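Q: Output the structure for:
(one chain, ligands or ions: 2)
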Amino acid sequence: MEVGFLGLGIMGKAMAINLLRNGFMVTVWNRTLSKCDELVEEGASVGETPAAVVKKCKYTVAMLSDPKAALSVVFDKDGVLDQICEGKGYIDMSTVDADTSSKISEAITKKGGRFLEAPVSGSKKPAEDGQLIILAAGEKAIYDEVIPAFDVLGKKSFFLGEVGNGARMKLVVNMVMGSMMNALSEGLTLADKSGLSQQTLLDVMDLGAIANPMFRLKGPAMIKGSYPPAFPLKHQQKDMRLALALGDENAVSMPIAAASNEAFKKARSLGLGDLDFSAVHEVFKCAGGSNEA
Ligand SMILES: NC(=O)C1=CN([C@@H]2O[C@H](COP(=O)(O)OP(=O)(O)OC[C@H]3O[C@@H](n4cnc5c(N)ncnc54)[C@H](OP(=O)(O)O)[C@@H]3O)[C@@H](O)[C@H]2O)C=CC1
Ligand SMILES: O=CCCC(=O)O
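A: Numbers count the residues shown, from 1 in each chain. Ligands and ions are numbered 1, 2, ... in the order given. This is a model prediction of the structure:
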């Protein structure tokens, strides 16, 4: 199967490499074109523009930072819309809101193309290992056709119905995850200020009902103040913002998510946006003071 891939950031690069290593022919494009070089070494071809990629491939996948990027790659000059037509499919795996996804879907289908949104749960390592969780929605026929690619990228795919449901599900999941990260940061800071060992706190939690892979993976690095980016904090704050907007639309009160969003915003204002989202811990350390050296 020949697949186009637009967006070679942390996630897109790992996903495109996985496709190449599993026998797919992949044509890549990235706004910063030099990022395509590593993919070429893995056997990819390069398209000069999103339109050139769509022209060449029956299916094109996008993995872009946010709604602005997702819209720009479709609607701008030399974008996806220039070449999308009957017989071609566009699969947007970026995390965006349902409105953005619907706008893209409408424009693609108006030109005879087919659209699937398919945001993912799972971060850099699951992307490298083909262990993502895929939250697809849109046209079922294209979903069925691209299952071989999803089977390479992920460990489980869900088809959630009409366009927008994949985006909504993804935002709810990340809203919970972001709030959990804030609770962990607060707990680590409280333990430290109370004279307790932060590592012992992690050990205790890992044996009980609130044990989870995220605390296990991120906790030890957070104690050390180390935040190499797997999921950039600026993207987590974007997801919190979009989840809060979904709450507004549905009159759902979300005080925990709102407080967490404030902490992520504060972290961005401290220049931590490109670090891992666990760097929100620094906000709590600043507010609470730290007994760590
Ligand atoms: N990292 C993670 O753990 C996860 C991320 N996600 C979601 O996946 C998406 C990608 O995340 P990730 O790979 O981490 O992000 P990165 O920041 O690493 O990569 C973002 C990508 O978007 C491109 N981009 C940004 N703005 C524009 C624009 N205006 N026009 C064209 N391209 C643009 C970047 O291009 P350039 O290289 O030129 O800057 C880059 O290819 C996001 O929606 C994120 O929320 C979902 C699950 C997990
Ligand atoms: O959107 C990012 C999700 C990160 C994760 O699921 O670990």
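Q: Now residue 10. Nearest residue, chain neighbours left out?
A: residue 124 (5.3 Å; Cβ to Cβ, 6 or more residues apart in numbering). Glycine gets a C-beta too; all of them are placed from N, C-alpha and C.
Q: ok, that neighbour touching residue 13?
A: No. Using Cβ atoms under 8 Å, residue 124 is not in contact with residue 13, being 9.3 Å away.
Q: re earlier: who's in contact with the residue nearest to residue 10?
A: 10, 11, 14, 230, 231 (Cβ atoms under 8 Å, 6 or more residues apart in numbering).
Q: Look up how far residue 90 lies from the last one.
A: Using Cβ to Cβ, to the nearest Å, residue 231 is found at 24 Å from residue 90.
Q: Compare these two and say which is more crowded by neighbours.
A: A direct count of neighbours by other Cβ atoms under 10 Å for residue 231 and residue 90 places residue 90 higher, at 30 against 21.
Q: Regarding the more buried one, which helix or strand does it belong to?
A: Counting by DSSP states H and E, the element that carries residue 90 is strand 89-92.
Q: The helix or strand following that strand near ligand 1 at all?
A: Of the helices and strands lying after strand 89-92 in sequence (DSSP H and E), the nearest is helix 98-110. No. Judged by Cβ under 6 Å from any ligand atom, helix 98-110 stays clear of ligand 1, getting no closer than 10.5 Å.
Q: and the next helix or strand after helix 98-110, which strands flank it?
A: Next helix or strand after helix 98-110 toward the C-terminus (DSSP H and E): strand 114-117. Neighbouring strands of strand 114-117 in its sheet, by DSSP bridges, are strand 89-92 (parallel), strand 132-138 (antiparallel).
Q: And the ones you listed: which comes nearest ligand 1?
A: strand 132-138 (7.6 Å; Cβ to the nearest ligand atom).
Q: Quick one: distance of the strand holding residue 90 to the chain centre.
A: 16 Å (Cα atoms, centre = their mean, to the nearest Å).
Q: what's next to that strand, contact-wise?
A: Against strand 89-92 from outside (Cβ under 8 Å, 6+ apart): 54, 58-62, 64, 70, 74, 80, 84, 101, 104, 108, 113-118, 142, 145-146.
Q: I'd like the average pLDDT over that strand.
A: Across strand 89-92, the average pLDDT comes to 98.
Q: and what of stretch 23-35?
A: 98.
Q: what does stretch 261-278 give?
A: 98.
Q: Which of the contacts of residue 124 ranks first by neighbour count?
A: Result: residue 11 is most packed of the contacts of residue 124 (other Cβ under 10 Å), 27 neighbours.
Q: that older thread, may I have the phi/psi pair for the residue nearest to residue 10?
A: When read as degrees, to the nearest 10, the backbone of residue 124 gives phi -60, psi -50.
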